[in-house]
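> Just need the structure, nothing else, for what follows:
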Amino acid sequence: MVPKVFRQVIDLGDGRTISLETGKLAKQAHGSVVVQMGNAMLLCTVVSSYKESTMDFFPLTVDYREKFAAAGRYPGGFFKREARPSDGEVLTMRIVDRVLRPLFPSDYKTETQVMIQLMSHDEDVMPDALAGLAASCAIQLSDVPFECPISEARVGRINGKFILNPSRAQLLESDIDMVIGASADSVMMVEGEMKEISEEEMADAIKFAHDAIKIQCAAQISLAEAFGKKAVREYPAAKSDETIALKVREAAYDKVYAIAKAGSGKREREEAFSAVRDEVLASFTEEELAENSTLIKTYYSKIEKEAVRELTLTEGLRLDGRKTTDIRPIWCEIDYLPSVHGSAIFTRGETQALATVTLGTSRESNMIDMPTHQGEEKFYLHYNFPPFCTGDAYPLRGTSRREIGHGNLAQRALKGMIPDECPYTIRIVSEVLESNGSSSMATVCAGTMALMDAGIQMKKPVSGIAMGLISEGDRFAVLSDILGDEDHLGDMDFKVTGTADGITACQMDIKVKGLPYEILVKALKQAREGRLHILGILKEAIAAPKPEVKPYAPKMISRRIPNDFIGALIGPGGKVIQELQKATGCTIVINEDPLTGEGIVEILGTKPEGIEAVLAKIDSLMFKPQVGGVYSVKVIKMLDFGAVVEYLDAPGNEVLLHISELAWQRTDNVTDVVNMGDVFDVKYFGKDPKTRKDKVSRKALLPKPEGFVERPPRDSSRDSRGGDRDNRGGDRDRKPRERRD
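The predicted structure is shown next:
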């Protein structure tokens, strides 16, 4: 039976379209859709259990995978099967999750799984920009409770013109690469990197994406109506009790407000809030606690949130006593670790990051092998968030999605400031040692100082700050340098990084509906003031990059050589390059420029004399004497028929100086004219047509003796006995061969 297929097409207005199709694939899922743009096809499914969960949180899983078959490729490595997700896939999961999660009902606790798979790849389409649209559309086609459709769009800008969902090739020319997630009414998520753009330009890019997202949201509604939108399933509503809510408020609100206003530190504040909560619980009987303890704790949490927000909106004060625009005290230190190539500590309030820089060759580049993208990164950043940084103890389960996301944000913030001519592969590792708000921005600041400490000539230093928002009706407060609690209790977490001249990266999550663009721009401008303040403190710690790398850090020099010489430098079986590395203590890496075919030789070493020895060897291998040129040589070997000499300008390059070219007079013994170690000049005549070997002459540079008469050249047609070579033996009688029968 042929399935009935429902389809909706979205016109992007530039000849490209996005189609939404359902009814053909994965029909046992609660909702499924195929999203296609060009030849790129994503299959997205959603399944939500009908069994009531015992968990006290919403167990949502968003999974995004790119199938290698989609691009006609095999998975790399020994096992030819897709395994754990790549960092690129994890980053796509995060940008979809951050938009979807707030739109499920707060009391919906059923296990839900959204799976997005790239089934067909198109080089001109970046599929991660379609993942949010696919996820939302699948949910719209299901009976899962969800507030409203959303979508995501990528924005680029080339020559001042915005481009919707640009290709990877277009992004190479673009000064903006942002992914925006939104509903028809509200922007909810922004993430991306920029080339020092202004706050107004960023707001314009968000508006451009939002206009396109509105059309995509309407298309989802149309498809769901045509398909036959299912009634939203019923699920157990959250328990409520107004009597308990009032009792908790009366017992806790004033005390919580007073603690919040006291402006204490994180641990002291947590202990005080915990004591109030214990008092509230103690005011109920054992029977009431047995039945409603979870509900009482929920009401207390709401009171705590309400009191903290009201303090900020009414009095302009925050949990640690700061005003809305104040930034916590900062101290910095560079060159803290004695043996690393570069290091820095950045501490802001109760957040601390220790960053290290390691320099290497292209051999240490980070290889990217995804179905949709292959390449390498010569600059990359790893972010570690151990349990002790928040005073916790829990098992380590490998690198978390959060660590990958925060590291990527810091990497995007800094990478545009690495000079194009930098020869090194650079790895930054940020160890978060304390955390109470915005450890990713502390990583950016520590990373900037560590790079400068390592001697990397950054174009400009970069700083970062996390902004927050608390709003209630017409009242709102934009908070600079938010605490962890303010992130949890507030309406916005907006991380923005940049130089003194513009924004380089951002990550924003908005929890409030319909945030006006005026407030967004105000937050961006307030963030700029904070960034410049922090930038000034960074410059006090290290005003400019150190002029050179540290003595124990490797120095690197790149040299281009013609393709013909690559083999000579490597040698048979790698013998030449291996012996050279052993003798000089340098690491030598040879790559081929795909455009010019030239060899790119990277020389990495801690000793200048070792690097110079490698360069001398390369110069020696590339040495080509010019016909008619005069060169200084040194005798390195004596032979009966001449002397082997070495060019002083190219050690290792040898040539035979024939005995006949030593002097104008007849030379019976080589030692009559030259000896081992003698240095003199010779003239180069090119290849000898007879021997096909290089010919040099010493006598050509000497004055011809007076009355010297050259002997006539030997007649090559005569043999040494004067006979005619062509008739040699021709007069001899030859006995005819006997004829065989």
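> Asn292 - that's part of a strand, no?
No. Using DSSP: H, G, I helix; E, B strand; the rest coil, the assignment for Asn292 is helix, not a strand.
> The nearest residue to it once chain neighbours are set aside: neighbour count?
For Asn292, ignoring the flanking residues on the chain, the nearest one in space by Cβ to Cβ, 6 or more residues apart in numbering is Ile244 at 6.0 Å. C-beta coordinates here come from the backbone N, C-alpha and C atoms, glycine included. For Ile244, the count of nearby residues is 17 (other Cβ atoms under 10 Å).
> Ile244 is in contact with Ile296, isn't it?
Yes. Using Cβ atoms under 8 Å, Ile244 is in contact with Ile296, at 6.2 Å.
> Residues that sit against both of the two, list them.
Glu288 (Cβ atoms under 8 Å, 6 or more residues apart in numbering).
> hmm, who's touching the helix or strand harbouring Ile503?
For Ile503, the host element (DSSP states H and E) is strand 502-510. Strand 502-510 has contacts (Cβ under 8 Å, 6+ apart) with 98, 178, 186-199, 202, 405, 409, 412-414, 416-417, 440, 462, 464, 469, 491-498, 524.
> if you set the cut-off to 7 Å instead, what comes out?
Identification of contacts with strand 502-510 by Cβ atoms under 7 Å, 6 or more residues apart in numbering yields 98, 187-194, 196-198, 202, 409, 412-413, 416, 462, 491-498.
> Shouldn't Arg94 be within a strand?
No. Counting by three-state DSSP, Arg94 falls outside a strand, being helix.
> ok, and the closest non-adjacent residue to it?
Of all residues not flanking Arg94 in the chain, Gly405 sits nearest, at 4.8 Å (Cβ to Cβ, 6+ apart).
> what's the burial count for the one you found?
22.
> Give me the phi and psi for Glu548.
Dihedral angles phi and psi of Glu548 (degrees, to the nearest 10) take the values phi -140, psi 160.
> what's around it, how many residues?
Using other Cβ under 10 Å, the number of residues around Glu548 comes to 10.
> wait, isn't Thr443 in contact with Phe385?
No. Using Cβ atoms under 7 Å, Thr443 is not in contact with Phe385, being 9.9 Å away.
> And the helix or strand hosting Ala353, what does it pack against?
Here Ala353, judged by DSSP H and E, is contained in strand 351-360. The elements that strand 351-360 packs onto, with contact taken as 3 or more Cβ pairs under 7 Å, 6 or more residues apart in numbering; DSSP states H and E, are strand 342-348, strand 425-434, helix 439-453.
> Buried deepest among the ones you listed, which one?
Ranked by mean neighbour count, those are led by helix 439-453 with a mean of 30 (mean count of other Cβ atoms under 10 Å).
> Next SSE downstream of it?
strand 463-472.
> And the contacts of whichever helix or strand comes after that next one?
As assigned by DSSP H and E, the chain's next helix or strand after strand 463-472 is strand 475-480. With Cβ under 7 Å, 6+ apart as the test, strand 475-480 has contacts from 312-313, 316, 318, 324-327, 465, 467-470, 486, 490, 519, 522-523, 526, 530.
> how does it look with 8 Å?
Contacts for strand 475-480 (Cβ under 8 Å, 6+ apart): 312-313, 316, 318, 324-327, 465, 467-471, 486, 490, 519, 522-523, 526-527, 529-530.
> need the helices for the stretch 251-400 of the chain, in chain order.
266-282, 286-315 (DSSP state H, counting those that start in this stretch).
> Pull the contacting residues for the residue nearest to Gly514 when sequence neighbours are not counted.
In this structure, Gly514 finds its nearest non-sequential neighbour in Ser186, 5.1 Å apart by Cβ to Cβ, 6+ apart. Ser186 makes contact with 510, 512-515 under the criterion Cβ under 8 Å, 6+ apart.
> from those, which two are the most distant?
Ile510 and Gly514 (9.7 Å; Cβ to Cβ).
> Those two - which one has more neighbours?
Neighbours were counted for Ile510 and for Gly514 using other Cβ under 10 Å; Ile510 has more, 24 against 9.
> Specify the beta-bridge partners of that one.
In this structure, Ile510 bridges to Met492 when assessed by DSSP bridges.
> Walking through the stretch 101-250 of the chain, point out its strands one by one.
Secondary structure of the stretch 101-250 of the chain (DSSP state E, counting those that start in this stretch): strands at 112-120, 150-158, 161-164, 176-183, 187-197.
> Format these as JSON lines; extra columns: mean pLDDT, mean neighbour count and distance to Lys683.
Shown next, in JSON lines, are these (pLDDT from 0 to 100; neighbours: other Cβ atoms under 10 Å; distance: least, Cβ to Cβ, whole Å):
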{"stretch": "strand 112-120", "mean pLDDT": "97", "mean neighbour count": "22", "distance to Lys683": "67"}
{"stretch": "strand 150-158", "mean pLDDT": "97", "mean neighbour count": "25", "distance to Lys683": "58"}
{"stretch": "strand 161-164", "mean pLDDT": "96", "mean neighbour count": "16", "distance to Lys683": "63"}
{"stretch": "strand 176-183", "mean pLDDT": "96", "mean neighbour count": "25", "distance to Lys683": "61"}
{"stretch": "strand 187-197", "mean pLDDT": "94", "mean neighbour count": "22", "distance to Lys683": "57"}
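> got the ones you listed as CSV, with distance to Pro59 columns?
Shown next, in CSV, are those (distance: least, Cβ to Cβ, whole Å):
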stretch, distance to Pro59
strand 112-120, 7
strand 150-158, 20
strand 161-164, 34
strand 176-183, 21
strand 187-197, 21
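> And these: which comes nearest Leu133?
strand 150-158 (4.3 Å).
> tell me the angle that closest one makes with strand 187-197.
Counting by axes from the mean of the first three to the mean of the last three Cα atoms, to 10 degrees, strand 150-158 lies at 10 degrees to strand 187-197.
> I'd like the distance between Val96 and Ala344.
34 Å (Cβ to Cβ, to the nearest Å).
> I meant Asp204, not that one.
Taking Cβ to Cβ as the measure, Asp204 falls 35 Å from Ala344.
> try Ile150
Ile150 sits 39 Å away from Ala344, taking Cβ to Cβ as the criterion.
> Repeat that for Ala500.
Distance, Ala500 to Ala344, using Cβ to Cβ: 19 Å.
> got it, and Glu548?
Taking Cβ to Cβ, one finds Glu548 at 17 Å from Ala344.
> Geometrically speaking, which residue is the centre of this structure?
Nearest to the geometric centre of the chain sits Tyr380, at 4.7 Å (Cα atoms, centre = their mean).
> residues in contact with the closest residue to that one other than its chain neighbours?
In space, Tyr380 comes closest to Asn366 once its chain neighbours are excluded; the distance is 4.5 Å by Cβ to Cβ, 6+ apart. Counting by Cβ under 8 Å, 6+ apart, Asn366 makes contact with 376-377, 380, 427.
> Closest one of these to Thr285?
Within the contacts of Asn366, proximity to Thr285 (Cβ to Cβ) peaks at Tyr380, which comes in at 58.0 Å.
> Poorly predicted segments of the stretch 451-600 of the chain, please.
Within the stretch 451-600 of the chain, no stretch has pLDDT under 70.
> For stretch 22-41, could you pull out the residues that count as buried?
For stretch 22-41, a neighbour-count test (16 or more other Cβ atoms under 10 Å) marks 22-23, 26, 29-37, 40-41 as buried.
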